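Peer 1: structure here, sequence nowhere to be found:
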Ligand code: IDP
Ligand code: MG
């Protein structure tokens, strides 16, 4: 599973009309879409997805933000997917994100930062399975 990663176009991206532009950038950067859905996370689901951050001061705001509107969740395939996708999205804080990265182009702040990308092969697998069942994933 070293060639897949998981992404979420976060609610601010959808709200600001950036869904198409971000997906275009992802596909043109060589990622193949293996699964995709337009959906909205419940409080329970967002809390569970970000449970690693449950002790952080921003956790409540993070869950509120992630449930504030619909998202696009997707599984992406590419050689070296996890690392290449983290490069494509840029730093967590958009002010530190390199020119041309998705967060540099589309994110407004460290809390509302447009997009999620898995941080390891292990977490990519966990996150893909958390959001998609096998019959929703295609070759
Ligand atoms: P990542 O999304 O770049 O992997 P993480 O450290 O895993 O960054 O944090 C998860 C999400 O939590 C971030 O994308 C952002 O939405 C939010 N977040 C992270 N750090 C802060 C912070 O210092 N203040 C507010 N929100 C934060
Ligand atoms: Mg992270």
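Peer 2: Sure, I can see it. These numbers were taken from a predicted model, which means no experiment stands behind them. Ligands and ions are numbered 1, 2, ... in the order given.

Peer 1: which pLDDT value belongs to residue 2?
Peer 2: At residue 2, the predicted lDDT confidence score is 75.

Peer 1: how is it assigned, secondary-structure-wise?
Peer 2: For residue 2, the assignment made with DSSP: H, G, I helix; E, B strand; the rest coil gives coil.

Peer 1: next up, the contacts around it.
Peer 2: Residues touching residue 2, when contacts are defined by C-beta atoms under 8 Å, 6 or more residues apart in numbering, comprise 80-82, 121. Placement of C-beta: from N, CA and C, glycine included.

Peer 1: and with 10 Å instead?
Peer 2: Neighbour list for residue 2: 79-83, 121, 124-125 [criterion: C-beta atoms under 10 Å, 6 or more residues apart in numbering].

Peer 1: likewise for residue 3?
Peer 2: Neighbour list for residue 3: 32, 34, 76-82, 121, 124 [criterion: C-beta under 10 Å, 6+ apart].

Peer 1: out of the contacts of residue 2, which end up buried?
Peer 2: Buried members of those, scored by 16 or more other C-beta atoms under 10 Å, are 81-83, 121, 124-125.

Peer 1: wait, which of these is closest to ligand 1?
Peer 2: Closest to ligand 1 out of those is residue 82 (11.1 Å), distances taken as C-beta to the nearest ligand atom.

Peer 1: so for the closest one, what's the nearest residue that isn't a sequence neighbour?
Peer 2: With C-beta to C-beta, 6 or more residues apart in numbering as the measure, residue 5 is the residue that lies nearest to residue 82, at 4.8 Å, once sequence neighbours are left out.

Peer 1: could you point out which element follows the helix or strand hosting that neighbour?
Peer 2: With secondary structure defined by DSSP states H and E, residue 5 is part of strand 4-9. If you walk from strand 4-9 toward the C-terminus, the next helix or strand you reach (DSSP H and E) is helix 11-15.

Peer 1: from the chain's centre, how far out does the strand holding residue 5 sit?
Peer 2: 5 Å (C-alpha atoms, centre = their mean, to the nearest Å).
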